[in-house]
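In: no sequence on hand, only this structure:
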């Protein structure tokens, strides 16, 4: 169960790397915005998916279910997702330096902690205390971080009284 329940009927540690990776993706996306599930939230992922779809189609704006998405919503979704990716990447790297465990097991533990899922490959007991503290911090940040971040971004929104010249950097 790749949601905030911590229930598993299968031995997570015995899963193949591809299964662990797919479960990591599901955990990272997480649950609904109004629920207690962790992760970046399904809504954030959907907004990013709508933006990608609009960009591939050559459309100037994003829409979902017949509604136009405001540009600030896309910026918030992008910020939450990229900060989540950055936090998971940095934490995985830190935990890899602290342990001798396989990458997929460490990544699974980190994403499970960030998404407050409660699943484990069974390596948590073997992780040094510093690594366990890192996982605890990830659980706390994963639960409160996205909510606090979006709230802070929404409260800090301000309008400029001037526009800067437009730049078109080469992307890709």
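Out: Nice, I can see it. Fair warning: this is a prediction, and the values are worked out from it, not measured in the lab. Residues are numbered from 1 along each chain as shown.
In: please name the residues that touch residue 109.
Out: 95, 120, 121, 123, 124, 127, 135 (CB atoms under 8 Å, 6 or more residues apart in numbering). Heads up, the C-betas are built off the backbone N, CA and C, glycines and all.
In: which of these has the most neighbours?
Out: residue 95 (26 neighbours; other CB atoms under 10 Å).
In: mind listing what's buried in the strand or helix carrying that residue?
Out: Per DSSP states H and E: residue 95 is located in helix 71-98. Of the residues in helix 71-98, 73-74, 76-77, 80-81, 84, 87-88, 91-92, 95-96, 98 count as buried by neighbour count, 16 or more other CB atoms under 10 Å.
In: what does stretch 38-54 give?
Out: Counting neighbours by 16+ other CB under 10 Å, one finds that the buried residues in stretch 38-54 are 38, 39, 40, 41, 43, 44, 45, 47, 48, 50, 51, 54.
In: so how far is that stretch from its chain's centroid?
Out: Centroid separation for stretch 38-54 versus its chain: 11 Å, with CA atoms, centre = their mean, to the nearest Å.
In: show me the contact partners of stretch 155-167.
Out: Taking CB under 8 Å, 6+ apart as the rule, stretch 155-167 contacts residue 72.
In: surely residue 164 forms part of a helix?
Out: No. Assigned with DSSP: H, G, I helix; E, B strand; the rest coil, residue 164 falls outside any helix and is coil.
In: what is the neighbour count of it?
Out: Residue 164: 6 neighbours (other CB under 10 Å).
In: so what's it scoring on pLDDT?
Out: At residue 164, the model reports a pLDDT of 79.
In: okay, the closest residue to residue 154 other than its chain neighbours: pLDDT?
Out: Spatially, and ignoring its direct neighbours in sequence, residue 154 is nearest to residue 76 (7.4 Å; CB to CB, 6 or more residues apart in numbering). Residue 76 is assigned a pLDDT of 87 by the prediction.
In: likewise residue 47?
Out: Confidence score, pLDDT, at residue 47: 94.
In: just checking, what packs against the helix or strand encompassing it?
Out: Assigned by DSSP H and E, residue 47 belongs to helix 42-57. Applying 3 or more CB pairs under 8 Å, 6 or more residues apart in numbering; DSSP states H and E, one finds that helix 42-57 contacts strand 63-64, helix 71-98.
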